[in-house]
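A.B. asks: what follows is a predicted structure for the sequence shown.
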Amino acid sequence: GINAEYMGPSDWNTGERPPYAYWMYYLWANLTVLNSFRRDNGLSTLAFMPHSGEAGPTSNLLASFMVANSICHGINARKNEAVEYLFYLTQVGMALSPLSNNSLFLDYLRNPFPSFFRRGLNVSLSTDDPLQFHHTQEPLIEEYSIAAKIWKLSTEDMCEIARMSVLQSEFDYQTKTGWLGPKYFLSSAEGNDPKKSHVSNARIQYSALI
């Protein structure tokens, strides 16, 4: 973690690497200042969506949880029920990349994505280093098609995962409205447009209540 013992970035001159929480805090602080400047000048802002929880201790996930809009990976939340529960309660998004994990850290069949999804966490499928870990020109389609086959995901499951991907994204309001409907930001069924998302209101309402 970060405490008074750690020097500021400009004074860090030791061979020791700063802890993960140190990186998270200063990246978030600088991005906050930058976003304030951009917002004041009518420019788009940048979301903080770091890689977190693919490797390392679960304390890394807590550090990113405190400051990130959403995270990439997060598979190590499976090792700590309290951390997983925090992500569930707050619906901080996790964009998981099972094919990348399979090559580096975790066998595909042991990936927690299906359990996270069934438990109601805000999870989506994403790519990571597609030139290394994918074999077609459509790496995201690979992630979806393989997940659907291996974990027996239904068509509506896939639509719900895609919907969560849009919600996690930083596309503007107009774009998200075009894809999900004008009230997409509401967590209840009122925020769902089944004609656009192809996800039933009953499923969205159930997810909002569990």
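C.D. replies: Looks like it came in fine.

A.B. asks: residue 206 and residue 118: what is the separation?
C.D. replies: Distance check for residue 206 against residue 118: by Cβ to Cβ, to the nearest Å, it reads 12 Å. (Glycine included, C-beta is placed from N, CA and C.)

A.B. asks: burial count for the nearest residue to residue 63 once chain neighbours are set aside?
C.D. replies: Nearest residue to residue 63, sequence neighbours excluded (Cβ to Cβ, 6 or more residues apart in numbering): residue 21, at 3.9 Å. For residue 21, the neighbour count with other Cβ atoms under 10 Å is 19.

A.B. asks: quickly find the element holding residue 21.
C.D. replies: For residue 21, the host element (DSSP states H and E) is helix 20-40.

A.B. asks: which strands and helices sit next to that helix?
C.D. replies: Under the contact criterion of 3 or more Cβ pairs under 8 Å, 6 or more residues apart in numbering; DSSP states H and E, helix 20-40 touches helix 59-67.

A.B. asks: for the residue nearest in space to the middle of the chain, phi and psi?
C.D. replies: The C-alpha lying nearest the average C-alpha coordinate of the chain belongs to residue 94 (Cα atoms, centre = their mean; 2.4 Å). Residue 94 adopts backbone torsions of phi -130, psi 120, taken as degrees, to the nearest 10.

A.B. asks: and the gap between the nearest residue in space to it that is not next to it in sequence and residue 31?
C.D. replies: Distance criterion Cβ to Cβ, 6+ apart; nearest residue to residue 94, sequence neighbours excluded, is residue 74 at 3.9 Å. Distance, residue 74 to residue 31, using Cβ to Cβ: 20 Å.

A.B. asks: which one of these two is surrounded by more residues?
C.D. replies: Between residue 74 and residue 31, residue 74 has the larger neighbour count (other Cβ under 10 Å), namely 28 against 16.

A.B. asks: gap between the more buried one and residue 121?
C.D. replies: Computed with Cβ to Cβ, the distance linking residue 74 and residue 121 is 9 Å.

A.B. asks: repeat for residue 174
C.D. replies: Taking Cβ to Cβ, one finds residue 174 at 28 Å from residue 121.
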